[in-house]
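Chemist: structure for the following, please:
(one chain, ligands or ions: 1)
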Amino acid sequence: MTKMVWYRSDLRTIDCEPLLMACRDEAPVEACFLACPKQWQQHDLGANRIEYLRRSLVELKKGLDELKIPLHMRTVQTFAEVPEVMLELATSLDCREIHWGREYEVNEIDRDRATRQLLEARGISVHEHDDQVVIEPGSLKTGSGSPYKVFTPFKNSWLKAVEASEELKPRRRPEPRKRKMAKVKKDPVPAGFEGFESFVEIDDWPVGENQALARMDEFLEQRAGRYGEDRNTPSIDGTSRLGPALAVGALSPRTCVDAARRQARSKPGSAAGLDVWISEIAWRDFYRNVLFEFPRVCRHRAFKPATEAVAWREDEESFLAWCEGRTGYPIVDAAMRALVATGWMHNRLRMITSQFLSKHLLIDWRKGEAFFARHLVDMDFASNNGGWQWSSSTGTDSAPYFRVFNPTTQGRRFDEAGTFIRRWVPEIAQLSNKAIHEPSQSGEALWNQGTYPEPIVDQSFGRKRAISAFAEVKQPQ
Ligand SMILES: Cc1cc2nc3c(=O)[nH]c(=O)nc-3n(C[C@H](O)[C@H](O)[C@H](O)COP(=O)(O)OP(=O)(O)OC[C@H]3O[C@@H](n4cnc5c(N)ncnc54)[C@H](O)[C@@H]3O)c2cc1C
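Modeler: Below is the predicted model of the structure:
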């Protein structure tokens, strides 16, 4: 009886439960992937993320070839077509059993429910696995049995579960199947990727599980010990940059946590940094848990419904200035220009730029969320939505609305010598370390030669305006 693995956001062969379960006996195994270009557009997935996905699929195919498992590619426009296409594929390959890793967003859940119903009605058994998280969403609850809304208690119970369960160890890669494979096409990628041409340097990112594992090992051995100190400085390469690999599932979070814990045991000196890094993986699980427990966040809704009444400003000019890095706040502008040019932004800068948009400019966080989604190579719905809702004080565990980052102070604190700013805002690169954070106030002649703008909003005015806009709506506890 032939079995099939439907790959979606778990493009790997190591620690891949659907694959391992499909390979648990001698039966032939097939694999498939469905490109969904219209759906990707509806979900704001941009060219950088899709090009990274395309390359990851090429690598996945190589890994599956070694296991003698053919990867079948199909293109559908939207999720609505998926059930029929999966049935047609399963029937044509004579598959009676299908495995896939669960996705937790509402459209994905609806798609899977419909697919499952159709397949089961035709006698094909479906097996779903929780494989893009360390701990299954919905399984951790507070003492009173409610879903977690705050990160720290979630993390404490998450850590306890990780320590307690052998189940959370990474799964092995299955043995190659005993079968002959037809000669494979060199580039297996289906139609559906046209129109997503990326212009950023994707080569900088590890693609496929072998490169991702090598990057993880390098990071854990050489840099993770200092992660606690280095992770907030954008000019330092202090983070793992594994986000894209985790987003497409070329690397599993279980593997990350297991490797980090082993490293902490073998090198106790680096344990503090490794613990902080493990917490970041817990944040990733936390935001998946949030969207599973509160699916309204998938429907462009605020986690705190009361904050939907905030009077966001319509101000296209300021929004464009933010998108293009022309706000007159050097750290914001450097970050936004880096995002557009490279498809990536450092976490500290994601926090600064998202607060600047939603607070100082009082522009709806959803516009910023969509802009990030269209540019980030590591775009991940749960983390992007969670990060935006955190910054704009509409989300779980979010920044209290009256605590607003001052972008100038943040720049001074996390890019003290202006190293990052100088790289991305060359028109003010000549300014002193002090002046570079506040060119218009510096009195230094060089800053404004018609090339770098005055601040588009006064910091203190913007802050007060945001606080009163939030104070006007009823804030839930
Ligand atoms: C407004 C905003 C938008 C964001 N959008 C995304 C997004 O689309 N995709 C994404 O993966 N992360 C997002 N993040 C979280 C975080 O900024 C990135 O995960 C991190 O910068 C990626 O860098 P890294 O791969 O070097 O991670 P590291 O610092 O090495 O951390 C390891 C991994 O942990 C996870 N992680 C780290 N920090 C967070 C966090 N705060 N929340 C959730 N997961 C985290 C990521 O998978 C990351 O790759 C966003 C944060 C904010 C404030």
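Chemist: which SSE is the nearest residue to R465 once chain neighbours are set aside in?
Modeler: Taking Cβ to Cβ, 6 or more residues apart in numbering, and ignoring the residues beside it in sequence, R465 has L362 as its nearest neighbour in space, at 5.9 Å. (Each C-beta comes from the backbone N, C-alpha and C, glycine too.) For L362, there is no enclosing helix or strand under DSSP states H and E.
Chemist: now do the same contact list for L362.
Modeler: Listed by Cβ atoms under 8 Å, 6 or more residues apart in numbering, the contact partners of L362 are V310, A311, W312, R313, G462, R465, A466, A469.
Chemist: and those residues as a markdown table, adding neighbour count and secondary structure?
Modeler: A markdown table is the format used below for those (neighbours: other Cβ atoms under 10 Å; DSSP: H, G, I helix; E, B strand; the rest coil):
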| residue | neighbour count | secondary structure |
| --- | --- | --- |
| V310 | 21 | coil |
| A311 | 10 | coil |
| W312 | 17 | coil |
| R313 | 13 | coil |
| G462 | 20 | helix |
| R465 | 17 | helix |
| A466 | 22 | helix |
| A469 | 18 | helix |
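Chemist: what parts of the protein come near the ligand?
Modeler: The chain comes close to the ligand at residues 231, 239-243, 246-247, 280-281, 283-284, 287, 347, 350-351, 354, 372, 376, 378-380, 383-384, 386-388, 391, as judged by Cβ under 6 Å from any ligand atom.
Chemist: which SS class is the residue in the stretch 1-150 of the chain positioned nearest to the ligand?
Modeler: In the stretch 1-150 of the chain, the residue that lies nearest the ligand is R49 (8.7 Å; Cβ to the nearest ligand atom). Under DSSP: H, G, I helix; E, B strand; the rest coil, R49 falls in the helix class.
Chemist: make 10 the starting number, not 1.
Modeler: Noted, 10 is the first residue going forward, which turns the last one into R58.
Chemist: just give the closest residue to it, not the sequence neighbours.
Modeler: Nearest residue to R58, sequence neighbours excluded (Cβ to Cβ, 6+ apart): M388, at 4.4 Å.
Chemist: what does I59 give?
Modeler: Using Cβ to Cβ, 6+ apart, the closest residue to I59 is F205 (3.8 Å).
Chemist: quick check, the one you found in a strand?
Modeler: No: under three-state DSSP, F205 sits outside any strand and is assigned coil.
Chemist: now it: how far from F88?
Modeler: F205 sits 18 Å away from F88, going by Cβ to Cβ, to the nearest Å.
Chemist: show me the strands in the protein, by range?
Modeler: Assigned by DSSP state E, the strands in the chain fall at 11-16, 38-44, 80-84, 104-110, 134-138.
Chemist: need those in a markdown table (columns: mean pLDDT).
Modeler: Below are the strands of the chain laid out as a markdown table (pLDDT from 0 to 100):
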| stretch | mean pLDDT |
| --- | --- |
| strand 11-16 | 97 |
| strand 38-44 | 96 |
| strand 80-84 | 94 |
| strand 104-110 | 98 |
| strand 134-138 | 98 |
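Chemist: any idea which of those strands is most buried?
Modeler: strand 11-16 (a mean of 24; mean count of other Cβ atoms under 10 Å).
Chemist: what's the burial count for M30?
Modeler: 16 (other Cβ atoms under 10 Å).
Chemist: leaving out the residues flanking it, which one is nearest to it?
Modeler: Nearest non-adjacent residue to M30, counting by Cβ to Cβ, 6+ apart: H108, 5.3 Å away.
Chemist: if I pick that neighbour, what's in contact with it?
Modeler: Contacts for H108 (Cβ under 8 Å, 6+ apart) come out as 12-15, 26-28, 30-31, 135-138.
Chemist: now with 6 Å, please.
Modeler: By Cβ atoms under 6 Å, 6 or more residues apart in numbering, H108 lies in contact with V14, P27, M30, A31, H136.
Chemist: residue of the chain closest to the ligand, please.
Modeler: For the chain, Cβ to the nearest ligand atom, closest residue to the ligand: G396, 2.3 Å.
Chemist: ok, now how distant is that residue from E35?
Modeler: Between G396 and E35 the computed distance is 45 Å (Cβ to Cβ).
Chemist: over to Y296?
Modeler: For Y296, the distance to E35 - Cβ to Cβ - is 40 Å.
Chemist: likewise for N57?
Modeler: N57 sits 41 Å away from E35, going by Cβ to Cβ.
Chemist: neighbour count: the two, which is higher?
Modeler: Set N57 next to E35 and count neighbours by other Cβ under 10 Å: N57 wins out with 27 against 9.
Chemist: count residues in the vicinity of the residue lying closest to the more buried one once chain neighbours are set aside, would you?
Modeler: Spatial nearest neighbour of N57, excluding adjacent residues (Cβ to Cβ, 6+ apart): G352 at 3.7 Å. Neighbour count of G352, defined by other Cβ under 10 Å: 26.
Chemist: A281 too?
Modeler: A281 - counted by other Cβ under 10 Å - has 15 other residues nearby.
Chemist: if I pick it, what's in contact with it?
Modeler: G237.
Chemist: same question, I118
Modeler: Residues near I118 by Cβ under 6 Å, 6+ apart: none.
Chemist: can you pull the pLDDT of it?
Modeler: The model reports I118 with a pLDDT of 97.
Chemist: excluding sequence neighbours, find me the nearest residue to Y296.
Modeler: G395 is the one closest to Y296 (Cβ to Cβ, 6+ apart), at 3.5 Å.
Chemist: could you do E230 as well?
Modeler: That would be Q272: by Cβ to Cβ, 6+ apart, it lies 7.0 Å from E230.
Chemist: what's the distance between that neighbour and S174?
Modeler: According to Cβ to Cβ, Q272 and S174 sit 20 Å apart.
Chemist: for those two, work out which one has more neighbours and name it.
Modeler: Comparing Q272 with S174 by other Cβ under 10 Å, the one with more neighbours is Q272, at 21 against 11.
Chemist: just to check, that one is in contact with F228?
Modeler: No: between Q272 and F228 there is no contact under Cβ atoms under 6 Å: 9.8 Å.
Chemist: which helix runs longest in this structure?
Modeler: Ranked by residue count under DSSP state H, the longest helix found in the chain is helix 280-302.
Chemist: outside of stretch 407-418, which residues touch it?
Modeler: Applying Cβ under 6 Å, 6+ apart, the contact partners of stretch 407-418 are 338, 340-341, 361, 364-365, 368, 399, 402, 446-447, 468, 472, 476, 479.
Chemist: buried stuff in it?
Modeler: The neighbour-count check on stretch 407-418 (16 or more other Cβ atoms under 10 Å) flags S407, A408, Y410, V413, F414, N415, P416, T417 as buried.
Chemist: skipping adjacent residues, who's closest to G147 in space?
Modeler: G147 sits nearest to F301 (Cβ to Cβ, 6+ apart), 5.3 Å away.
Chemist: quick one: pLDDT of the one you found?
Modeler: On pLDDT, F301 comes in at 96.
Chemist: fine, thanks again, bye for now.
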